[in-house]
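**Q** Make a model of this:
(3 chains)
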Amino acid sequence: MPKFKSYWLVKTEPDCFSIQDLAASPRKTTCWDGVRNYLARNYMRAMQLGDEVLFYHSNADPLAIVGVTAVVRQAYPDPTAWDSTNDHHDAKASPDNPIWDMVDLRLEEIFPAPLPLDRLREEPRLAKMELLRRGSRLSVQPVTEAEFQTIEEMAHAEKAAPAAKKQSTASNRKKPRAPAVKKKPTHTNLKR
DNA sequence: GCCAACGTTGGC
DNA sequence: GCCAACGTTGGC
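**A** Below you'll find the predicted structure:
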């Protein structure tokens, strides 16, 4: 069956789960648990096997797309939703009424260098990208094929001129967040 | 630390 | 069903 590949982007805080953590995971695969936003969930439900997913580091230095993953399992219930000890516990969720889903993502590529947000903003072909919209908060979002290809191209043209590597100074360095607690997806690796 | 954006909650 | 208050995300 001819099938169209779709493209997506997921955000993660690298302090919580980085692309290096993904690389170190068994089979370089993780379940993308902890998503608790209906629109983000619905995008995950639309993901098909083989779809490609850009991997973005938020709340990080640098803010950047750092690689590409692929969907290796389509949406299925996220058991962390009814785990009362989980940070993202939802009292309304249960095995009979999971409410929240996750997909499995496998690492395909770590870019030779992170592709920073400020470089993305300079690229006219990405002007309409959801990630770059002011105030965009969605942690799972669709990406067009053209945007995906532009990003791959930029990521591989990057090598020679990594100009955008900002010096970390006292003024721009992020303070450690108050309680260094995990935020967004915990991505506890549930596979054994 | 600030604050814009926007989802969620709950009183009515 | 409206909408103000509140909470969270996440860049700056």
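**Q** Now the residue of chain A found nearest DNA strand B: phi and psi?
**A** Residue nearest to DNA strand B within chain A: A:Gly135 (2.2 Å; C-beta to the nearest atom of the strand). Any C-beta I mention is one placed from the backbone N, CA and C, and that applies to glycine too. Taking degrees, to the nearest 10, you get phi 80, psi 10 for the backbone angles of A:Gly135.
**Q** pLDDT (mean, whole number) over the lengthiest helix in chain A?
**A** Once chain A is assigned using DSSP state H, the helix that runs over the most residues is helix A:145-157. Taken as a whole, helix A:145-157 has a mean pLDDT of 96.
**Q** again, but for stretch A:85-94
**A** Per-residue pLDDT values over stretch A:85-94 give a mean of 88.
**Q** Figure out how far that stretch is from the centre of its chain.
**A** Average the C-alpha atoms of stretch A:85-94, do the same for its chain, and the two points are 21 Å apart (C-alpha atoms, centre = their mean, to the nearest Å).
**Q** mind checking the end-to-end distance for it?
**A** By C-alpha to C-alpha, to the nearest Å, the extent of stretch A:85-94 from end to end equals 14 Å.
**Q** can you pull the buried residues of that stretch?
**A** Neighbour-count burial for stretch A:85-94, counted by 16 or more other C-beta atoms under 10 Å, picks out A:86-88, A:90, A:93.
**Q** Equivalent analysis for stretch A:24-33, please.
**A** Within stretch A:24-33, the residues that count as buried by 16+ other C-beta under 10 Å are A:25, A:29-33.
**Q** Is there proximity between stretch A:50-59 and DNA strand C?
**A** Yes: judged by C-beta under 7 Å from any atom of the strand, stretch A:50-59 comes into contact with DNA strand C at A:56, A:58-59.
**Q** now what about that stretch, what contacts it?
**A** Where contact means C-beta atoms under 8 Å, 6 or more residues apart in numbering, the residues beyond stretch A:50-59 that reach it are A:3, A:5-15, A:18-19, A:22, A:47, A:63-71, A:105, A:108, A:114, A:131, A:143, A:148, A:151, A:174, A:177, A:183-184.
**Q** do it and DNA strand B meet?
**A** No: contact between stretch A:50-59 and DNA strand B, assessed by C-beta under 7 Å from any atom of the strand, is absent, since the two come no nearer than 8.8 Å.
**Q** Touching, A:Ala75 and A:Ala40? I think so.
**A** No: at 11.5 Å, A:Ala75 and A:Ala40 do not qualify as touching, with contact defined as C-beta atoms under 8 Å.
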